[in-house]
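Engineer: Sharing a model that was predicted from the sequence below.
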Amino acid sequence: MDHDLKGRTALVTGSTAGIGAAIARALAAEGVHVVVSGRDTARGDAAVAEIRADGGAADFVRADLAGGEEAVAALADRTVALLGTPDILVNNAAMLLMPRPTADLTEAGVAAAFAVSVIAPMLLTGRLAPAMAARGSGAIINLGSINAVTGMPGSAVYSATKAAAHSLTRSWAAEYGPSGVRVNTVAPGPTSTERNERIRDLLDGMVAGIPSRRLSTPAEVASAVVFLAGSAAANVHGTVLAVDGGFTIT
């Protein structure tokens with residue numbers, strides 16, 4: 001399928017590894033010039049080198065989105081300096097806390113999770129979406145999760161941040177859609193990533209009874225992002241596209 005993305009530009013937050021890196025690679029493979037962003041410079045440089053080795057265009061901008069408005073502004077400004085106003089914004093960066101009882105949560109931990117997973121996307125979208133709207137085009141894809149719509153013990157904070165991502169998608173679709181900016185969510189289920197190897201036994205148990213009987217791959221999640229960014233999804237606004245092997249229907 002031709003997604004009509006050649007020559008477009010994108011910022012993908014949290015894209016030095018895992019699902020974010022897969023999204024950056026998939027967009028670059030479609031001819032998109034991608035800004036890879038994250039905290040780890042070595043991993044960021046490696047992600048960019050891999051994209052360039054495959055013939056794609058990418059640059060790395062270091063950003064720690066726990067740094068609040070100043071960090072978000074610096075990322076947005078540097079991205080615009082490199083690309084102009086991007087055609088695509090993928091709000092992927094998130095803080096994933098290991099499963100734990102609510103009674104073990106701390107105020108600092110909760111605040112840190114919301115800073116990266118909710119506040120930063122709000123601030124970044126607030127800086128970039130108005131220029132997209134003024135231009136009359138753009139695509140914003142938020143990374144949600146099945147945790148936003150299913151109850152899981154030990155997942156209170158992560159689930160709350162992802163429910164916020166789903167809610168922001170609906171609000172932004174209503175706010176920016178009339179100006180030509182499409183906003184949607186991709187909601188992965190249990191996915192095979194390096195980080196998730198720490199809880200692989202838990203994830204394997206979660207998928208044992210779902211239709212696909214397996215974890216998703218980062219590339220499969222990335223393919224959903226590419227679809228929502230491209231012309232085939234030209235009239236798709238405010239939706240949640242689950243990539244979960246049927247998890248949320250069981």
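Structural biologist: Thanks, I have the structure now. Residues are numbered from 1 along each chain as shown.
Engineer: Any idea how many residues pack against Pro101?
Structural biologist: Pro101: 9 surrounding residues under other C-beta atoms under 10 Å. (C-beta placed from N, C-alpha, C; glycine too.)
Engineer: Now do the contacts for it.
Structural biologist: Contact partners of Pro101, counting by C-beta atoms under 8 Å, 6 or more residues apart in numbering, are 153-154.
Engineer: distance of Leu65 from Asn92?
Structural biologist: As judged by C-beta to C-beta, to the nearest Å, Leu65 and Asn92 stand 10 Å apart.
Engineer: any common contacting residues for these two?
Structural biologist: 13-14.
Engineer: Can you tell me how far Ala10 is from Thr106?
Structural biologist: 35 Å.
Engineer: Tell me which of these two has more neighbours.
Structural biologist: When Ala10 is set against Thr106 and neighbours are counted by other C-beta under 10 Å, the residue ahead is Ala10, at 28 against 8.
Engineer: and the helix or strand hosting that one, which strands flank it?
Structural biologist: Under the assignment given by DSSP states H and E, the secondary-structure element containing Ala10 is strand 9-12. Partner strands for strand 9-12, per DSSP bridges, with pairing direction: strand 33-38 (parallel), strand 88-91 (parallel).
Engineer: hey, C-alpha coordinates of the helix or strand just after the shortest one in PDB?
Structural biologist: Same thing as strand 88-91. Along the chain past strand 88-91, the next helix or strand (assigned with DSSP H and E) turns out to be helix 107-114. Once side chains and other backbone atoms are set aside, the C-alpha atoms of helix 107-114 remain, and they are given as PDB (Å, rounded to 0.1, in the frame of the first residue of the first chain):
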ATOM      1  CA  GLU A 107       3.600  11.100  45.000                       C
ATOM      2  CA  ALA A 108       7.000  11.600  43.300                       C
ATOM      3  CA  GLY A 109       6.600   8.500  41.200                       C
ATOM      4  CA  VAL A 110       3.000   9.300  40.100                       C
ATOM      5  CA  ALA A 111       4.000  12.900  39.300                       C
ATOM      6  CA  ALA A 112       7.000  11.700  37.200                       C
ATOM      7  CA  ALA A 113       4.800   9.300  35.200                       C
ATOM      8  CA  PHE A 114       2.200  12.000  34.500                       C
END
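Engineer: Quick one: the helices in this protein, in order.
Structural biologist: Assigned by DSSP state H, the helices in the chain fall at 18-29, 41-53, 68-83, 107-114, 120-135, 156-176, 200-207, 218-229.
Engineer: hey, which of those helices is tucked in deepest?
Structural biologist: Sort the helices of the chain by mean neighbour count, taking mean count of other C-beta atoms under 10 Å, and helix 18-29 sits at the top with a mean of 26.
Engineer: which strands and helices sit next to that helix?
Structural biologist: Under the contact criterion of 3 or more C-beta pairs under 8 Å, 6 or more residues apart in numbering; DSSP states H and E, the helices and strands touching helix 18-29 comprise strand 9-12, strand 33-38, helix 41-53, strand 57-62, strand 88-91, helix 218-229.
Engineer: My understanding was that Arg170 contacts Thr239; is that so?
Structural biologist: No: using C-beta atoms under 8 Å, Arg170 and Thr239 do not qualify as a contacting pair, with a distance of 9.3 Å.
Engineer: Any idea how far the worst-scoring helix or strand of the chain on mean pLDDT is from the middle of the chain?
Structural biologist: Across the helices and strands of the chain, mean confidence by mean pLDDT, DSSP states H and E is lowest for helix 200-207: a mean of 84. Put simply, helix 200-207 sits 22 Å off its chain's centre (C-alpha atoms, centre = their mean, to the nearest Å).
Engineer: now swap in stretch 115-125 and tell me
Structural biologist: Per C-alpha atoms, centre = their mean, the centroid offset for stretch 115-125 relative to its chain is 11 Å.
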